[in-house]
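**Q** Quick one, what's the 3D model for this:
(one chain, ligands or ions: 1)
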Amino acid sequence: MSQPIKFAYWVPNVSGGLVVSKIEQRTSWDIDYNRKLAQIAERSGFEYALSQIRFTAGYGAENQHESVTISHALLAATEKLKVIAAILPGPWTPVLAAKQLASIDQYTNGRIAINVVSGWFKGEFRAIGEPWLDHDERYRRSEEFIRALKGIWTQDNFSFHGDFYRFNDYTLKPKPLQQPHPEIFQGGSSRAARDMASRVSDWYFTNGNSVEGIKAQIDDIRAKAAVNGHSVKVGVNAFIIARDTEEEARAVLAEIIAKADLEAVNGFGSEAKNAGAASPEGEGNWATSTFEDLVQYNDGFKTNLIGTPRQIAERIVALKAIGVDLILSGFLHFQEEVEYFGKHVLPLVRELERETVASLAVA
Ligand SMILES: Cc1cc2nc3c(=O)[nH]c(=O)nc-3n(C[C@H](O)[C@H](O)[C@H](O)COP(=O)(O)O)c2cc1C
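**A** Take a look at the predicted model:
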């Protein structure tokens, strides 16, 4: 029987919320707000939280808490929630990530996970003095990073001789609590991102998209993974606007876009477009994003989880039917809306999932 679809939320550890808009947002990037949000989320049925890594401000996001540090703080404030810490190869080496996360895993009863992000923002790399690799080279490095991470976490006397990383007879102690190792997520949409997922990642995270766009990626990844004898789960980004009526929800979207921070969206847009076009096939994240799409910086409006609780629940179950395992959600007013989602949307999703199982059993 298929597993219930899972829910994650974006940790707003970056100032300015999840939309690049001057609309009022009662979301804060500060730690007290984030601790309370994590507690609300775990009570509301969210299984995961995803922290972001940024070293410099993009799209008007002036301040950013570091991802591993805030992930640990949120784990310390919760009991069940798993927190996925974003890590960027380059600034992080596999040995540092392996060691940090193994310790956190020990302290938190096995609730840390990692999102390996491959980098898209050249200006950020230049600012922090990190060499900038070509698009597919970034993924080649990320793949070595993941292979090394898994080796360190699961083997004693680990040796590895790659183009980017080397290990000789290395034994990490203590190892993480989770067996065989903490879950490894990755982000991206390009062919290189999909190929990497089909070989080494436990989870593939992608930007918001239409059902057809998401299905094409899932079909590609799962076909390649089957050839590789690997299995990979899929999480899709969505900016969720759930309101009692569809009109109210659509009005919120219209206001977010009408109040878009033009300068910040255009600045981000040109960087993102370079990133989107950077993959040899031109299929990367943001390759086809419009101005409106870019107001949510991971194309979250495109997934269309905007409407009444029932409309949203039905669309989530339709995404599950094409193979989506997890919805990664962003909200305008996080604390209030995560609670609303847990109360009004999630029970409907579970009801529809049960109905699907029952109808399959009858058929
Ligand atoms: C859900 C998700 C989360 C991401 N989080 C981060 C992040 O925290 N920091 C970052 O620099 N990049 C992040 N990225 C960017 C990706 O790692 C990748 O560099 C980008 O999507 C470009 O990929 P592509 O051109 O290969 O499709 C994220 C991407 C996705 C889909």
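**Q** switch to C-alpha atoms for all contacts and neighbour counts from now on
**A** Noted.
**Q** Kindly report the residues of this protein close to the ligand.
**A** Proximity of the chain to the ligand, by Cα under 6 Å from any ligand atom, involves residues 52-54, 86, 117-120, 187-190, 193, 205-207, 275-276, 284-285.
**Q** Repeat the analysis, applying 5 Å as the threshold.
**A** By the rule Cα under 5 Å from any ligand atom, the part of the chain lying against the ligand is 52-53, 117-120, 187-190, 205-207, 276, 284-285.
**Q** Buried members of those into ChimeraX, please.
**A** Remark: buried members of those, expressed as a ChimeraX selection using 16 or more other Cα atoms under 10 Å:
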select :52,53,117,118,119,120,187,188,189,190,205,206,207,276,284,285
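**Q** Among the residues of the chain next to the ligand, which ones are in strands?
**A** Residues from those lying in strands, with DSSP state E as the criterion: 187, 205-206.
**Q** Now do the strands in this protein.
**A** So, for the chain - with DSSP E - the strands run 6-10, 48-50, 82-87, 112-116, 158-161, 166-170, 184-187, 203-206, 233-239, 241-242, 306-307, 326-330.
**Q** and these as a markdown table, adding mean pLDDT?
**A** Shown next, in a markdown table, are the strands of the chain (pLDDT from 0 to 100):
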| stretch | mean pLDDT |
| --- | --- |
| strand 6-10 | 98 |
| strand 48-50 | 98 |
| strand 82-87 | 98 |
| strand 112-116 | 98 |
| strand 158-161 | 98 |
| strand 166-170 | 98 |
| strand 184-187 | 96 |
| strand 203-206 | 97 |
| strand 233-239 | 98 |
| strand 241-242 | 98 |
| strand 306-307 | 98 |
| strand 326-330 | 98 |
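**Q** Save those as JSON lines, and put in distance to residue 260 too.
**A** As requested, those are arranged in JSON lines below (distance: least, Cα to Cα, whole Å):
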{"stretch": "strand 6-10", "distance to residue 260": "20"}
{"stretch": "strand 48-50", "distance to residue 260": "24"}
{"stretch": "strand 82-87", "distance to residue 260": "26"}
{"stretch": "strand 112-116", "distance to residue 260": "28"}
{"stretch": "strand 158-161", "distance to residue 260": "48"}
{"stretch": "strand 166-170", "distance to residue 260": "46"}
{"stretch": "strand 184-187", "distance to residue 260": "25"}
{"stretch": "strand 203-206", "distance to residue 260": "23"}
{"stretch": "strand 233-239", "distance to residue 260": "15"}
{"stretch": "strand 241-242", "distance to residue 260": "16"}
{"stretch": "strand 306-307", "distance to residue 260": "18"}
{"stretch": "strand 326-330", "distance to residue 260": "17"}
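**Q** picking up where we left off before, sort the residues of the chain next to the ligand by pLDDT and name the bottom one.
**A** Within those, the minimum per-residue pLDDT falls on residue 276 (63).
**Q** what's in contact with the helix or strand bottoming out on mean pLDDT in the chain?
**A** When the helices and strands of the chain are scored by mean pLDDT, DSSP states H and E, helix 262-278 comes last with a mean of 77. Residues outside helix 262-278 that contact it (Cα atoms under 8 Å, 6 or more residues apart in numbering): 20, 58-60, 120-122, 134-135, 282-288, 291, 294-295.
**Q** wait, isn't residue 256 in contact with residue 21?
**A** Yes. With contact defined as Cα atoms under 8 Å, residue 256 and residue 21 form a contacting pair (5.9 Å).
**Q** what angle do the longest helix along the chain and helix 262-278 make?
**A** Of all the segments of type helix in the chain, defined by DSSP state H, the longest one is helix 135-154. Put simply, helix 135-154 runs at 80 degrees to helix 262-278, going by axes from the mean of the first three to the mean of the last three Cα atoms, to 10 degrees.
**Q** Just list what helix 135-154 packs against, helices and strands only.
**A** Packed against helix 135-154 by the contact rule (3 or more Cα pairs under 8 Å, 6 or more residues apart in numbering; DSSP states H and E) you find helix 94-107, strand 158-161, helix 191-199.
**Q** who touches the residue nearest to residue 338 when sequence neighbours are not counted in this structure?
**A** Counting by Cα to Cα, 6 or more residues apart in numbering, residue 338 lies nearest to residue 41, which is 6.2 Å off, once chain neighbours are set aside. Neighbouring residues of residue 41 by Cα under 8 Å, 6+ apart: 81, 338-339, 342.
**Q** out of those, who has the most neighbours?
**A** residue 338 (27 neighbours; other Cα atoms under 10 Å).
**Q** mind listing what that one touches?
**A** So residue 338 contacts 40-41, 44, 331 (Cα under 8 Å, 6+ apart).
**Q** ok, now residue 325?
**A** Here residue 325 is in contact with 5-6, 233-235 (Cα under 8 Å, 6+ apart).
**Q** returning to what we had before: could you identify the buried members of the contacts of helix 262-278?
**A** Among those, those buried by neighbour count (16+ other Cα under 10 Å) are 20, 58-60, 120-122, 135, 282-287, 294-295.
**Q** Which of those residues fall within helices?
**A** Among these, the ones falling in helices (DSSP H) are 122, 135, 294.
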